[in-house]
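how does the following fold in three dimensions:
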Amino acid sequence: MSLRLRLALAGAMAILVALVITAIGLSQLFGAHVERRAVAELGVQLDQVLAGLDVGADGLTLQRPLADPRFATPYGGLYWQIEWGGGIERSRSLWDTALALPADTLGDGGVHVHHLAGPQGDALLVLERSVMLPARLGGGSARAAVGMAAAELVQAQRDFM
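Numbering: from 1, shown residues only. Below you'll find the predicted structure:
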């Protein structure tokens with residue numbers, strides 16, 4: 001093979017490798033961006049859950065339903081759960097299951113992001129926050145979590161690619 005042909009092949013291979021590395025890097029950056037946006041959205045929904053808490057006959061309850069209907073649809077893809085000393089309250093979308101939050105310790109207001117298995121074994125992105133309940137809600141600490149199906153995030157990254 002001539003020198004010109006070898007240089008052209010080497011240049012084409014270098015460009016191809018650079019394009020593959022760039023595509024992988026851009027995909028990872030986009031995936032991280034989508035996850036950050038999802039966590040921000042979950043933070044808003046978690047604030048709505050905490051703001052809507054009230055004391056009922058069985059302990060903490062949500063005094064008004066959340067705006068997104070997926071919270072009320074069994075296995076709807078959006079889930080919330082509150083664990084406190086007196087028990088657990090969860091969204092209708094969890095049906096008869098509960099989110100298996102890790103046994104980690106959070107300070108008051110501390111936030112963790114988890115990747116957990118959902119009610120049907122599907123992957124979830126979960127935002128968990130530790131809160132101190134006010135006296136009108138019985139006081140004490142509680143763990144509040146909101147999760148969404150990670151399939152939406154994976155599909156967005158696939159669509160990007």
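
phi, psi for the residue nearest the centre of the chain please.
Nearest to the mean C-alpha position of the chain, by Cα atoms, centre = their mean, lies Leu125 at 2.6 Å. Per-residue torsions, Leu125: phi -100, psi 120 (degrees, to the nearest 10).

contacting residues for Arg129?
Applying Cβ atoms under 8 Å, 6 or more residues apart in numbering to Arg129 gives the contacts Leu46, Leu50, Leu106, Gly109, Gly110, Val111, Arg143, Ala144, Ala145. (C-beta placed from N, C-alpha, C; glycine too.)

that one: what secondary structure?
strand (DSSP: H, G, I helix; E, B strand; the rest coil).

dihedrals phi and psi, the nearest residue to Met132 once chain neighbours are set aside?
Nearest non-adjacent residue to Met132, counting by Cβ to Cβ, 6 or more residues apart in numbering: Asp108, 5.1 Å away. Dihedral pair for Asp108: phi -60, psi 120, per degrees, to the nearest 10.

thought Gly140 was touching Asp108, still the case?
No - the criterion here is Cβ atoms under 8 Å, and Asp108 misses it with Gly140 at 11.3 Å.

since that was my last question, I'll sign off now.
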